[in-house]
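**Q** fold the following.
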Amino acid sequence: MSVMRTLRGKRTWIALGCAVLTAAALLALGALLMVKGVISQEMQRNWIFGSYGLAGLTGAWIGSERGKGTLSAALTVAALFLVVICAASLLFPEGGRFGAGGWQFALCILAGSLLGGVLRAGKKGRAPRRKRSPAVRRVPLKSR
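**A** Got it, this is the predicted structure:
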């Protein structure tokens, strides 16, 4: 599957939206947990890495079809997601802080997307099961 065909597909853009929404939800949950004191300041960066990795995995899982060019679709979604994250960090420089460790965030997104593509690249589906004939019920003969 070519990259241009993947970019034009509706599934890629739906997957990108799911990845962005997953990242936003996980980052909001992390902020709430940090305010409540469940996550410490030291764990904040790890939570962000995990959130971006899981968002990349979600986007790659949704963006790739089982058995059809899954890695190219996963990498396309990862690249688009990375562009969205970079654009968001440029728009909100005080909140994003993407420039400080951008390659680490990119690595988490790429690793999550590759994992999603590899997990999705399994078999095309289950093999069709053999249909069994219904069991023949033996009725005892009546004796005369």
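**Q** contacting residues around the residue most central in space within the chain?
**A** Residue closest to the average C-alpha location in the chain (CA atoms, centre = their mean): residue 58, at 1.5 Å. Contacts for residue 58 were tallied using CB atoms under 8 Å, 6 or more residues apart in numbering; they are 18, 19, 22, 112, 116. C-beta coordinates here come from the backbone N, C-alpha and C atoms, glycine included.
**Q** do a quick rundown of the strands in the protein.
**A** Assigned by DSSP state E, the chain shows no strands.
**Q** what stretches of it score poorly on pLDDT?
**A** 1-8, 66-67, 69, 93-100, 122-137, 144 (pLDDT under 70).
**Q** how close does residue 73 get to residue 88?
**A** 23 Å (CB to CB, to the nearest Å).
**Q** try residue 108
**A** Residue 108 is 15 Å from residue 88, by CB to CB.
**Q** which one of the two has more residues nearby?
**A** residue 108 (21 against 15; other CB atoms under 10 Å).
**Q** which two among the contacts of residue 58 are spaced furthest apart?
**A** 18 and 112 (12.6 Å; CB to CB).
**Q** more neighbours: the two, which one.
**A** residue 112 (27 against 19).
**Q** my guess is that one meets residue 50, correct?
**A** No. Between residue 112 and residue 50 there is no contact under CB atoms under 8 Å: 9.0 Å.
**Q** nearest residue to residue 62 other than its sequence neighbours?
**A** residue 15 (4.2 Å; CB to CB, 6 or more residues apart in numbering).
**Q** what about that neighbour, neighbour count?
**A** 27.
**Q** tell me who's in contact with it.
**A** Contacts of residue 15 (CB under 8 Å, 6+ apart): 59, 60, 61, 62, 63, 64, 73, 77.
**Q** let me know the distance separating the residue nearest to residue 114 when sequence neighbours are not counted from residue 38.
**A** Using CB to CB, 6+ apart and skipping the chain neighbours, the partner closest in space to residue 114 is residue 74 (6.3 Å). For residue 74, the distance to residue 38 (CB to CB) stands at 32 Å.
**Q** so how far is the helix ranked longest in the chain off the chain centroid?
**A** The single longest helix within the chain, with elements called by DSSP state H, is helix 10-36. Per CA atoms, centre = their mean, to the nearest Å, the displacement of helix 10-36 from the mean C-alpha position of its chain is 11 Å.
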